[in-house]
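Peer 1: I'll drop the sequence and a predicted model, then ask my questions.
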Amino acid sequence: MANSTAKTKREAESIAAVCNELAGVLTRINQILEHNGDLAIDWGAAETPAYVSEDADGNIADLTFSRANVSNAIGTLNAVRTLLTGGTPTTGDHLGNVNQLARPLG
């Protein structure tokens with residue numbers, strides 16, 4: 001099937017839509033990492049902190065995952081942020097590429 005003006009426009013619009021979603025996700029990543037940092041929860045502590053309740057399987061009480069899982073997810077979210085921003089919340093080559101297509105949040 002040959003490319004057409006209509007097809008390429010739909011594709012560009014779809015890519016822009018994903019960029020909008022990614023910009024929103026990055027905003028949420030920044031917010032949760034900042035909030036978690038402010039709380040200073042030691043997810044990776046060798047001993048379970050008194051402020052964390054765990055079940056017999058080592059999961060956080062009433063959840064299906066452990067403190068280690070949360071700690072690992074925090075590292076992954078930070079890696080995503082670093083990839084997009086070069087390590088800072090608002091700058092970076094990849095974020096610029098996303099922002100060229102994304103609408104401003106608001």
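Peer 2: Structure's in. What do you need?
Peer 1: pLDDT weak spots in the chain?
Peer 2: Where the chain drops to pLDDT under 70, the residues are 87-93, 105-106.
Peer 1: kindly recompute the last result at 90.
Peer 2: 1-3, 81-106 (pLDDT under 90).
Peer 1: what's the first helix or strand after whichever helix in the chain runs longest?
Peer 2: In the chain, with assignment by DSSP state H, the single longest helix is helix 5-39. Next helix or strand after helix 5-39 toward the C-terminus (DSSP states H and E): helix 67-85.
Peer 1: centre of the chain to that next one, how far?
Peer 2: Chain-centre distance of helix 67-85: 7 Å, with C-alpha atoms, centre = their mean, to the nearest Å.
Peer 1: show residues contacting that helix.
Peer 2: 22, 26, 29-30, 32-33, 36, 43-45, 48, 52, 54, 60, 87, 89, 91-92, 94-95, 98 (C-beta atoms under 8 Å, 6 or more residues apart in numbering). To be clear about C-beta, it is placed using only N, CA and C from the backbone, and glycine gets the same treatment.
Peer 1: and it with helix 5-39, angle?
Peer 2: Interaxial angle, helix 67-85 versus helix 5-39 (axes from the mean of the first three to the mean of the last three C-alpha atoms, to 10 degrees): 130 degrees.
Peer 1: got the buried residues for helix 67-85?
Peer 2: Going by neighbour count (16 or more other C-beta atoms under 10 Å), the buried part of helix 67-85 is Arg67, Val70, Ile74, Leu77, Arg81, Leu84, Thr85.
Peer 1: perfect, I'm done here.
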